[in-house]
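*Asks:* Can you look at this prediction? I've put the sequence above it.
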Amino acid sequence: MHLTVSHTTAYLYDPPVKAGLQQLRLRPRTNEVQTINDWQLSVEGGTIEASFEDQHKNLVDLVSLDTEISALTVIANGSVNTRDAAGVTPPEYSFAPHWYYRRSTHLTQPGARLEKLAASINTDMDDISILHAISAAARGVVAYEAGQTGTSTTVEEVLSAGRGVCQDHAHVFLACARRLGFPSRYVSGYLMMDDRVDQEASHAWAEALVEGVGWVGFDVSNGICPDERYVRIATGCDYGEAAPFSGIAVPGGGEQSLIVSVQVQQ
């Protein structure tokens, strides 16, 4: 499937910031399930100082903010050819070994609620069936509802609230899959919803490594495995390692608002 993506993000600062740095993970790369035809990244209010690969082989751009700016605008757009691989990507080489993806992070640290969820999974099945059961269980205990969680919300907080978005569903899946022994990783990217061009935001899902198969993806929020409507951007142990934006601005403590526009279409 041929997809075009346009992603605009604007940070508005009041008062203006004197200095700042942002790491951008907004460049997809060609792999076994997608081919990047063209991709551009432009920044207004800052300068791309360096570009590098992180430990997950994500393409990262380091941006310094201009002095005394009131807005930083980043525009990423391009076209991608995707294919449906039944949610599977090969266990490709990365700088991080597979055991690294069994680690708990602050956002995915299991507590009593996660332990209860993991204990409810029937493990007397093949690995793929176990992972589908984890996905269904995560969706069952966390209703999709925007505005209830943030980027710093932990798995235990999500399970306590019983509400969250795709990021939270991915974190619950990761925590449970790791608790049951599967190396698992967070994936950020885009999803073309069939009924719209304008998407609510970028998307997130999870992958678990199955021996002899590869990384198997699970979009818990939609109850499916990723297909040709998905564009992969970055992976990590949790949102923090795959976030499209992360950084600091000085001075902090002022008003900061965020405007995001995402379009994905054929």
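*Replies:* Ah, there it is.
*Asks:* Can you work out which other helices and strands pack against the helix or strand in which residue 64 is found?
*Replies:* Applying DSSP states H and E as the criterion places residue 64 in strand 59-65. Counting contacts by 3 or more CB pairs under 8 Å, 6 or more residues apart in numbering; DSSP states H and E, strand 59-65 packs against strand 19-27, strand 46-53, strand 69-82. (Glycine included, C-beta is placed from N, CA and C.)
*Asks:* Now tabulate those strands in CSV and tack on distance to residue 132 and mean pLDDT.
*Replies:* Shown next, in CSV, are the helices and strands packed on strand 59-65 (distance: least, CB to CB, whole Å; pLDDT from 0 to 100):
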stretch, distance to residue 132, mean pLDDT
strand 19-27, 28, 94
strand 46-53, 32, 96
strand 69-82, 22, 94
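*Asks:* related to what we said a few turns ago, mind checking how far the strand holding residue 64 is from the chain centre?
*Replies:* 18 Å (CA atoms, centre = their mean, to the nearest Å).
*Asks:* Now do that strand against strand 19-27, angle only.
*Replies:* Computed by axes from the mean of the first three to the mean of the last three CA atoms, to 10 degrees, the angle separating strand 59-65 from strand 19-27 equals 150 degrees.
*Asks:* So for strand 59-65, mean pLDDT?
*Replies:* For strand 59-65, mean pLDDT is 96.
*Asks:* For it, which strands pair with it and how are they oriented?
*Replies:* Strands adjacent to strand 59-65 in the sheet, as given by DSSP bridges, are strand 19-27 (antiparallel), strand 46-53 (antiparallel).
*Asks:* So which of the helices and strands packed on strand 59-65 is nearest residue 111?
*Replies:* With CB to CB, the closest approach to residue 111 among the helices and strands packed on strand 59-65 belongs to strand 19-27: 28.3 Å.
*Asks:* and that closest one, which residues are buried?
*Replies:* 20, 22-27 (16 or more other CB atoms under 10 Å).
*Asks:* I figured residue 117 was touching residue 141, is that so?
*Replies:* Yes - in this structure residue 117 lies within contact range of residue 141 using CB atoms under 8 Å: 6.4 Å.
*Asks:* got any residues that touch both of these two?
*Replies:* 159, 172 (CB atoms under 8 Å, 6 or more residues apart in numbering).
*Asks:* Those two: which has the busier surroundings?
*Replies:* residue 117 (22 against 17; other CB atoms under 10 Å).
*Asks:* which residue is nearest the centroid of this structure?
*Replies:* Nearest to the mean C-alpha position of the chain, counting by CA atoms, centre = their mean, stands residue 188 at 2.5 Å.
*Asks:* and that residue, what helix or strand is that in?
*Replies:* strand 184-191.
*Asks:* what helices or strands is that strand leaning on?
*Replies:* strand 2-17, helix 166-179, strand 203-210, strand 230-236, helix 239-242, strand 255-265.
*Asks:* for the chain, what are the low-confidence residue spans?
*Replies:* Low-confidence segments of the chain, defined by pLDDT under 70: 93, 196, 200, 252-257.
*Asks:* For it, list the residue farthest from the centre, please.
*Replies:* residue 68 (30.7 Å).
*Asks:* I figured that one hits residue 16, correct?
*Replies:* Yes - under the criterion of CB under 8 Å, residue 68 is in contact with residue 16, at a separation of 4.7 Å.
*Asks:* ok, residue 33 touching residue 232?
*Replies:* Yes - when contacts are counted by CB under 8 Å, residue 33 is listed as touching residue 232 (7.1 Å).
*Asks:* Mutual contacts of these two, please.
*Replies:* residue 89.
*Asks:* Name all residues that make contact with residue 247.
*Replies:* Contacts of residue 247 by CB under 8 Å, 6+ apart are 20-23, 63.
*Asks:* Shouldn't it be within a helix?
*Replies:* No - Residue 247 sits outside any helix when classified using DSSP: H, G, I helix; E, B strand; the rest coil, being strand.
*Asks:* residues in contact with the nearest residue in space to it that is not next to it in sequence?
*Replies:* With CB to CB, 6 or more residues apart in numbering as the criterion, residue 247 has its nearest non-adjacent residue at 3.6 Å, and that residue is residue 22. Residues near residue 22 by CB under 8 Å, 6+ apart: 46, 62-63, 65, 72, 245-247.
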